[in-house]
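Enquirer: with the input below, show me the fold.
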Amino acid sequence: MTRINNVKPEERFTRTLFGITMIVCTFISWGKWVTFVLGVLFLISAWQGYCVTCELYKKHTRLKEKNNA
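Expert: Predicted coordinates:
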C-alpha cells in the first residue's frame, strides 16, 4: 500500500481507468479491439510524454473544488 500511496492521484486514476476498462473488455466480443486501441493510445501518450486522462482528472478535480468553494 505504501507504493500505491506514493503515486500521483492523476496517475492512479489513469491506471485504474485503463485496468478496469481492459478487464471489462474481456467479457465483450469486440473488446480486444478496444483494448488494442487503448494500448496504442497509451504507447503514443508515453512516447509524447503527455497524458490526456491525467489532464482530464486535473480539470475535473479543479471544477469539483471550485464548485465546493
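Enquirer: state the phi and psi torsions of residue 50.
Expert: Main-chain dihedrals, residue 50, degrees, to the nearest 10: phi -130, psi 130.
Enquirer: and residue 62, by the same measure?
Expert: phi -70, psi -40.
Enquirer: dump the residue contacts of it.
Expert: For residue 62, the contact set (Cβ atoms under 8 Å, 6 or more residues apart in numbering) is empty. Backbone N, C-alpha and C define where each C-beta goes, glycine included.
Enquirer: please, which helix or strand holds residue 20?
Expert: helix 9-25 (DSSP states H and E).
Enquirer: may I see the buried residues of stretch 43-61?
Expert: 51, 53-54, 57 (16 or more other Cβ atoms under 10 Å).
Enquirer: element containing the closest residue to residue 13 other than its chain neighbours?
Expert: Computed as Cβ to Cβ, 6 or more residues apart in numbering, the closest residue to residue 13 that is not its neighbour in sequence is residue 57, at 4.6 Å. In the assignment (DSSP H and E), residue 57 maps to helix 52-68.
Enquirer: what average pLDDT does that helix get?
Expert: If you average the pLDDT over helix 52-68, you get 81.
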